[in-house]
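> 3D model of this:
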Amino acid sequence: MVKAELVPLEHVERMILIIRGHKVLLDADLAIMYGVEVKVLNQAVKRNVDRFPEDFMFQLSEDEVGILRSQSVTSSSWGGRRYRPFAFTEQGVAMLSSVLRSPRAVQVNIEIMRAFVRLRQMLQTNSELSRKLAALEKKYDAQFKVVFEAIRELMTPPTKPKRRIGFERE
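Okay, here's the model as predicted:
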């Protein structure tokens, strides 16, 4: 059996992107995890294209590719990919297990499914926590207002302070 350490859960979670309102993994990231070339992964998908409807897999638009490039500082037009990447939803990743049949593919799929489930649980927990906090705020009066504000502040993701460019005078 293939070791589970091949694809750590945290590594998979960091690769999940939200594009067009869907949580997806890009073909290049999946190829790395599966231990195959992107070309091999995409050829396997194209040979079984009927298994991948648009809600399982879609090709990124030029605008989406441009946004990804600007966020991840990928290679220029003289290097890297010559075509737009494919994005696979959770169902598309599950379908990949029927197309890629290596022991590593099976193990990687298990870890990816766990990452999607964990992400879904975290999002659900956060929304439940917000609802409960709102109910408590309604129930108790102003005496706990400071406490509720502190809790809300802790729930919001931290923002990175912008670094000022240039020199500072002393």
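> which intervals of the protein have sub-threshold pLDDT?
1-9, 72-80, 136-148, 157-170 (pLDDT under 70).
> quick one: the strands in it?
17-19, 22-26, 57-59, 86-88 (DSSP state E).
> most residues in a single helix of the protein, which one?
helix 103-139 (DSSP state H).
> now the angle between strand 22-26 and that helix, please.
Relative orientation of helix 103-139 and strand 22-26, computed by axes from the mean of the first three to the mean of the last three CA atoms, to 10 degrees: 150 degrees.
> elements contacting helix 103-139?
helix 9-15, strand 22-26, helix 27-34, helix 90-99, helix 145-155 (3 or more CB pairs under 8 Å, 6 or more residues apart in numbering; DSSP states H and E). Quick note: C-beta positions are derived from backbone N, CA and C, even for glycine.
> Would you format the ones you listed as a markdown table with mean neighbour count included?
Converted to a markdown table, these look like this (neighbours: other CB atoms under 10 Å):
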| stretch | mean neighbour count |
| --- | --- |
| helix 9-15 | 15 |
| strand 22-26 | 20 |
| helix 27-34 | 21 |
| helix 90-99 | 19 |
| helix 145-155 | 11 |
